[in-house]
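J.: Provide a 3D model corresponding to the input given below.
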Amino acid sequence: MQLRRTAIADVIIIEPKVHGDERGYFFESYRQDVLERFVGYSVNFIQDNESKSDRGVLRGLHYQIGSSAQSKLVRVISGRVLDVAVDIRKGSPTFAQHVAIELTAENKRQVLIPRGFAHGFAVLEDNTIFSYKVDNYYSPAEDRGIAFDDPSLAINWGIPTSELLLSAKDQQQPLLADAELFSYQTNYYRTSDYEY
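T.: Take a look at the predicted model:
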C-alpha cells in the first residue's frame, strides 16, 4: 500500500496494492501499523459506517467538535464520489482551503481526514456505496456543519448545483465565518511518501 500527502499535509491518500487474477482480486484495505507509522500518531478507529446514494446526493460538510471530534478513513465500495476535506483549524497555514479527491470502486483509494477538518462528498454515480471508519462515536450535541456552497470555500462539487440533493439539515448549515472551529496545533509532518 502506498500513502501520500495531499496539498494539505494532514489529509492522506492511501492506495492499496491490488493482487488480481482470473478469479478476482485481493487487497489489504486497512493496516493500522502502516498508517500510524506514516502519520506519526496513534489511530484508533472504533466504528464503521456505510451509506448508499444515487447521483446528485451531497452529504456534508460535516464534523464534530470538542471531545467528540472525529478522524475518518473513507472509501467507496461501489460507484463514484468526489470527496472533499476542508481545513477548519483556525491559525492553520491552510485554513479554509480544501482538497477534493475522486474515490471510485475501481481506484480503491482511501482518504484519511483527521480531526480539525469538515468533510463532505458528492455522489457522481447511481448506486454508490460509501464506507468509512471513525475514531469517535456520533454525538448529536457536538455535531456541526458548514454550508456546502459557502462562496469563501469555492468548492466545485463536480455536479451542477441545480442537480444536487441535500438533506434539510445540510440546506441550512452556517457559513464558515459563522461556524464553530478548531484551533491549529503544530504537528510534525513527514515530507516523504511511504510504501511497504
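
J.: Quick check: buried residues in stretch 58-70?
T.: Applying a neighbour-count criterion of 16 or more other C-beta atoms under 10 Å, one finds 58-65, 68-70 buried in stretch 58-70. All C-beta atoms are positioned from the backbone trio N, CA, C, and that covers glycine.

J.: for these, which one is nearest residue 129?
T.: Residue 129 lies nearest to residue 59 out of those, by C-beta to C-beta, at 12.9 Å.

J.: host element of the closest one?
T.: In the assignment (DSSP states H and E), residue 59 maps to strand 58-64.

J.: That strand pairs with which strands, parallel or anti?
T.: Here strand 58-64 has these sheet partners by DSSP bridges: strand 117-123 (antiparallel), strand 143-145 (antiparallel).

J.: buried stuff in stretch 115-130?
T.: Using 16+ other C-beta under 10 Å as the test for burial, stretch 115-130 gives 115-124, 128, 130.

J.: okay, residue 28: pLDDT?
T.: The score at residue 28 is 88. That number is its pLDDT.

J.: So, low pLDDT: which residues of this protein?
T.: For the chain, the stretches flagged by pLDDT under 70 are 186-196.

J.: gap between residue 101 and residue 143?
T.: In this view, residue 101 and residue 143 are 24 Å apart by C-beta to C-beta, to the nearest Å.

J.: Neighbour count: those two, which is higher?
T.: Taking neighbours as other C-beta atoms under 10 Å, residue 101 and residue 143 compare with residue 101 leading, 18 against 13.

J.: Run a quick neighbour tally on residue 26.
T.: A count of nearby residues for residue 26, using other C-beta under 10 Å, gives 11.

J.: For it, give the beta-bridge partners.
T.: Beta-bridge partners for residue 26, by DSSP bridges, are residue 19.

J.: List the contacts of it.
T.: 18-20 (C-beta atoms under 8 Å, 6 or more residues apart in numbering).

J.: And for residue 95?
T.: Neighbour list for residue 95: 87-89, 184 [criterion: C-beta under 8 Å, 6+ apart].

J.: rewinding a little: quick check: which of the strands paired with strand 58-64 is nearest to residue 156?
T.: strand 117-123 (9.5 Å).

J.: For this structure, which residue occupies the most central location?
T.: By C-alpha atoms, centre = their mean, the chain has its centre lying nearest to residue 113, at 4.6 Å.

J.: Include distance to residue 135 when you put the strands paired with strand 58-64 into TSV, please.
T.: TSV is the format used below for the strands paired with strand 58-64 (distance: least, C-beta to C-beta, whole Å):
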stretch	distance to residue 135
strand 117-123	13
strand 143-145	16
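
J.: Nearest to residue 41 among the ones you listed would be which one?
T.: If we rank those by C-beta to C-beta, the stretch that ends up nearest is strand 117-123, at 14.9 Å.

J.: before we move on, back to that, among the contacts of residue 95, name the ones in strands.
T.: Counting by DSSP state E, those place 87, 89 in strands.

J.: Surely residue 67 forms part of a helix?
T.: Yes. Under DSSP: H, G, I helix; E, B strand; the rest coil, residue 67 falls within a helix.
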